[in-house]
Structure formats: C-alpha cells, structure tokens
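[1] Let's see this in three dimensions:
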Amino acid sequence: MKLLDNLNLEFISDALSVETGDCRIEGRIESYSCKMAGHDKRLFKSLSNEPGMAPNDLQALSPPTDTHSPSRQHSDEGEGPLCDTISTKTLFYLISTLNASFQPDYDFSNAKSDEFSKEPSLQWVMNAVDSQLFAALGEQYSGLKTQLWSTADEEISLADCHIYSYNPDLSCDPFGEEGCIWSFNYFLYNHKMKRILFFTCKATR
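    Residues are numbered from 1 along each chain as shown. Here you go, the predicted structure:
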C-alpha cells in the first residue's frame with residue numbers, strides 16, 4: 001500500500017487533532033493506493049496459502065455495530081441474520097492499510113475477517129461521523145464538515161465506494177488503551193480506482 005500525498009487531507013487531519021475541555025481528539029484521514037510493496041506481496045502470499053483463503057474466496061464479516069442496520073438481512077428460513085462477506089483480496093487490502101497507517105507500533109497481519117464489518121450505506125457512516133465529531137468539537141466541526149466530505153469525495157468518489165470498519169477486541173485495538181472514550185476506523189474502498197481512504201479517530205481523557 002502506498003500513502004498518497006494530499007495537502008487537503010493533511011489539513012483536515014491537523015484540524016481533527018485537537019485538545020478540548022474534556023478530552024483530546026486525534027483524527028487522521030489518509031489515502032492509499034492498493035499497490036503492493038515488497039512486504040505486502042509477502043503478506044498476500046502467506047494469507048492466500050491458508051485453506052479457504054484464495055484471493056476470490058469469500059470471508060465472513062461481523063455485522064455492523066448498529067443492530068438496526070439494513071445490511072443485517074434475514075434468510076427465508078428464518079434462521080437469523082445473514083452476514084456480509086468480503087473477498088480475501090479485499091480483506092488483505094484492509095489489513096495492509098492498517099499496517100501502513102499504524103506502523104511500526106502495531107502489526108495487523110493476523111487480523112481476521114470477523115474483526116471487520118461492512119457498513120450499510122455512505123449516509124449512515126456520514127451521519128455517524130458527523131454526530132460523533134459534532135458532539136466532541138461543536139461548532140469547530142460544523143465549520144469543517146463540508147470541507148471534509150467534499151475533499152473525501154474528490155479523492156475517492158464516495159458514491160462508488162464500499163465502506164468497511166475495523167472493530168477488534170481490546171487486545172488488538174490500537175485505541176484500546178486506558179482512557180480511550182470512543183474511536184472509529186472506516187475504510188472507503190473504491191475498487192475501480194484501486195484506492196482506499198482510511199478515516200481513523202479517537203477521543204481520550
């Protein structure tokens with residue numbers, strides 16, 4: 001994965017890294033090309049050699065954190081919700097993005113598909129992000145919101161993206177340290193552009 005330079009995204013990341021009266025907000029929004037470097041190729045080969053992990057094989061995702069998500073469809077037999085799936089290759093892209101963004105402090109090479117979810121819609125994610133950041137930053141975020149989403153759209157073409165989130169258990173979570181109030185990790189993946197926009201943010205006391 002290659003980090004793509006974008007001054008507008010850097011400006012937004014800087015604006016989302018602030019101290020408030022109650023907590024510290026640390027946000028980053030980064031664009032990555034899905035082009036494999038040397039380490040990526042080795043990881044992809046290792047992942048693909050595992051049973052049931054060929055590049056086009058489908059892996060089960062966890063349901064979105066919102067239990068009312070429309071993506072939690074039910075089977076005709078009434079056997080409960082059907083889970084979303086992801087191809088091994090796309091899962092590899094998400095894992096490689098995490099490695100690129102958090103290196104050298106964390107290694108996500110052993111992350112599993114059930115630590116990720118597919119989000120129900122772009123609007124759902126935008127509403128979730130806007131609500132979280134407005135609650136934390138108030139009018140400061142109101143002045144940034146339009147620029148954030150317009151810059152993201154210019155970089156990744158939001159309407160053409162599949163959106164995933166990373167929701168690990170605490171032992172694997174880079175934001176799972178003591179004092180973390182909330183966090184989110186969204187991947188906006190544009191298959192045609194072979195690009196991922198990674199939006200990560202946390203609030204700590």
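[2] which ones are touching Q140?
    Applying CB atoms under 8 Å, 6 or more residues apart in numbering to Q140 gives the contacts V18. C-beta coordinates here come from the backbone N, C-alpha and C atoms, glycine included.
[3] so what's A159 closest to, chain neighbours aside?
    Counting by CB to CB, 6 or more residues apart in numbering, A159 lies nearest to L122, which is 6.9 Å off, once chain neighbours are set aside.
[4] The one you found: neighbour count?
    17 (other CB atoms under 10 Å).
[5] A111 now?
    When neighbours are counted by other CB under 10 Å, A111 comes out with 17.
[6] Double-check that it belongs to a strand.
    No - read with DSSP: H, G, I helix; E, B strand; the rest coil, A111 is coil and lies in no strand.
[7] All the helices of the chain, in order from the start?
    Here the chain has its helices, by DSSP state H, at 7-15, 38-48, 88-102, 122-137, 139-156.
[8] so of those, which one's packed in deepest?
    Greatest average neighbour count among the helices of the chain goes to helix 88-102 (a mean of 22), per mean count of other CB atoms under 10 Å.
[9] could you point out where this structure is predicted with low confidence?
    66-82, 169-177 (pLDDT under 70).
[10] go with 80
    For the chain, the stretches with pLDDT under 80 are 37-39, 45-56, 65-83, 169-178.
[11] Surely the residue nearest to A159 touches S157?
    No - look at L122 against S157 with CB atoms under 8 Å: they stay out of range, at 10.8 Å.
[12] so which of the helices of the chain comes closest to T204?
    helix 122-137 (11.1 Å; CB to CB).
[13] so the closest one versus helix 7-15, what angle?
    Interaxial angle of helix 122-137 relative to helix 7-15 (axes from the mean of the first three to the mean of the last three CA atoms, to 10 degrees): 40 degrees.
[14] Fine by me, thanks again.
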